[in-house]
Structures are given as structure tokens and as C-alpha cells.
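S.K.: what follows is a protein structure lacking sequence information:
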């Protein structure tokens with residue numbers, strides 16, 4: 001099974017080699033838990049090797065300065081890294097739909113990773129509006145989200161390209177649930193939940209094809225992610 005580096009020695013060890021290359025992996029959690037850092041880390045790791053990355057940023061979390069930190073501040077290096085990252089920034093769910101309509105044409109060139117940072121952020125806004133209009137509009141929004149994720153899952157499987165998504169959560173009956181619910185759960189084969197409780201960050205591997213559930217305490221550093229201890 002081919003895997004790609006997660007960009008961190010400790011994450012690679014935890015994931016037994018990194019992210020799988022033919023599936024959708026979803027990293028989910030509340031605000032400030034580190035989701036974008038996980039995405040930037042894997043994107044920078046591949047881009048440093050002259051691999052091409054499509055990075056769809058729906059929440060405005062992509063930071064050139066953060067990329068520069070992750071490549072240890074070498075100006076020439078970080079500029080070369082940025083040249084290998086194709087950044088798309090939809091600002092509403094309709095623009096996100098257009099991005100996914102064109103995704104296969106983007107993939108005609110050699111692409112080694114697709115990242116969607118904030119898969120349901122723009123969907124969530126439109127879903128709230130659709131709720132006021134009735135079940136028909138809500139069904140349309142859900143169907144479009146399902147189409148987009150299905151496109152990613154088929155791309156990962158057929159092209160053997162790793163797909164990394166981040167997702168938000170909402171509170172329901174004293175526990176955090178993924179936005180999009182069963183739509184993401186069905187298509188994503190790897191689930192990683194990030195939690196930040198009073199400054200203590202923990203990653204929980206909730207689902208994986210070949211690894212058991214387990215957790216990792218971690219901290220965010222200038223260079224990326226480093227473990228604080230195994231659980």
C-alpha cells in the first residue's frame with residue numbers, strides 16, 4: 001500500500017507511514033484544534049519534493065508565512081514550495097461547486113495531492129438558508145455536497161491520489177458530530193478527530209482500514225507537528 005508522508009516524523013510513526021494514497025482522509029474538529037496545520041504540513045512536505053498539490057481553501061486559512069515557517073524560513077525554498085501549490089479560494093458554495101466541476105480538468109496535469117481545507121464551511125451557510133425554504137432546497141444542497149465528495153473519492157481510487165479534507169463539528173447530545181454527517185462518513189476511509197482542551201491538543205484516529213483506534217498528544221511548532229506523548 002502506497003502512503004505519503006504526513007510531513008512529521010511523529011505523525012508518520014503514528015499513522016504507520018503516513019496518509020494512504022487511494023482514499024479520502026478527513027481531519028475534523030472544532031476551531032483552533034490544528035486542522036489547517038495538518039493540511040499545510042502534508043502539502044509543504046510534498047511540494048518540497050517538487051510534487052504538485054491542489055489546495056482548496058474555503059475558510060481563508062492558507063498562510064504564506066506559515067508555509068515559510070515550515071520550510072525553515074529559507075526564502076528561495078519557500079518560493080519554490082509555493083510554486084508547486086495550486087491555490088483555489090472559493091468564497092461561497094456555488095463557487096465551490098464550480099471548482100469541483102473543473103477539478104478533473106485540473107487533474108489532467110500531474111497532481112500528487114488534493115487538499116480541501118473546510119469541506120463543509122460554505123455548505124453549512126447555504127444549508128442554513130435552505131432550511132428556511134424547505135426540504136426540497138435542503139435536499140439539493142445535500143446532494144451537491146455528496147456529489148463533490150463522491151468526485152474526490154473516485155479520483156483518489158482511480159488516480160491513486162491522496163485526498164485530505166478538513167471538516168467542522170457541531171454539538172449534539174453532549175458530543176461533537178461531523179458537519180455533513182453520513183455523507184462524509186460514507187466516503188472517507190480515514191477519520192482523524194482533533195481536540196484542544198485547555199491547551200492540550202490530542203489527535204484521535206477514529207477509523208482506518210488497517211490501523212486500530214488510537215490517540216496522540218501533540219503540539220504545534222514552527223516547523224509543524226510534534227508529539228507530546230503517546231496514549
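M.R.: Sure, I can see it. Bear in mind the structure is a predicted one, so any value in this text is a computation, not a measurement.
S.K.: just say helix, strand or coil for the residue nearest the centre of the chain.
M.R.: Centroid check for the chain by CA atoms, centre = their mean gives residue 165 as the closest residue, at 2.6 Å. The three-state label given to residue 165 by DSSP: H, G, I helix; E, B strand; the rest coil is strand.
S.K.: that one against residue 24, yeah?
M.R.: Yes. Here residue 165 reaches residue 24: they are 6.3 Å apart, a contact under CB atoms under 8 Å. Just so you know, the C-beta spots here come from the backbone N, C-alpha and C atoms, and that holds for glycine as well.
S.K.: common neighbours of those two, please.
M.R.: The contact sets of residue 165 and residue 24 overlap at 149, 152, 188 (CB atoms under 8 Å, 6 or more residues apart in numbering).
S.K.: closest one to residue 226 out of the residues you listed, please.
M.R.: Each of the shared contacts of residue 165 and residue 24 was scored against residue 226 by CB to CB, and residue 188 proved nearest at 25.6 Å.
S.K.: bridging residues for that closest one?
M.R.: Per DSSP bridges, the residues bridged to residue 188 are residue 24.
S.K.: need the pLDDT of residue 73.
M.R.: According to the prediction, residue 73 has pLDDT 60.
S.K.: now do the contacts for residue 134.
M.R.: With CB under 8 Å, 6+ apart, residue 134 has no contacts at all.
S.K.: contact partners of the longest helix along the chain?
M.R.: Using DSSP state H to define each element, the chain has its longest helix at helix 135-159. Residues from elsewhere that reach helix 135-159 (CB under 8 Å, 6+ apart): 21-24, 93, 96-97, 100, 103-104, 107, 114, 116, 119-120, 123, 126-127, 129-131, 161-163, 165, 180, 183-184, 187-188.
S.K.: same thing but 6 Å
M.R.: For helix 135-159, the surrounding residues in contact (CB atoms under 6 Å, 6 or more residues apart in numbering) are 22, 23, 24, 100, 123, 126, 127, 130, 131, 163, 183, 187.
S.K.: can you get me a residue count around the closest residue to residue 180 other than its chain neighbours?
M.R.: Among residues not flanking residue 180 along the chain, residue 120 sits closest, at 4.8 Å (CB to CB, 6 or more residues apart in numbering). The local packing of residue 120 (other CB atoms under 10 Å) involves 28 other residues.
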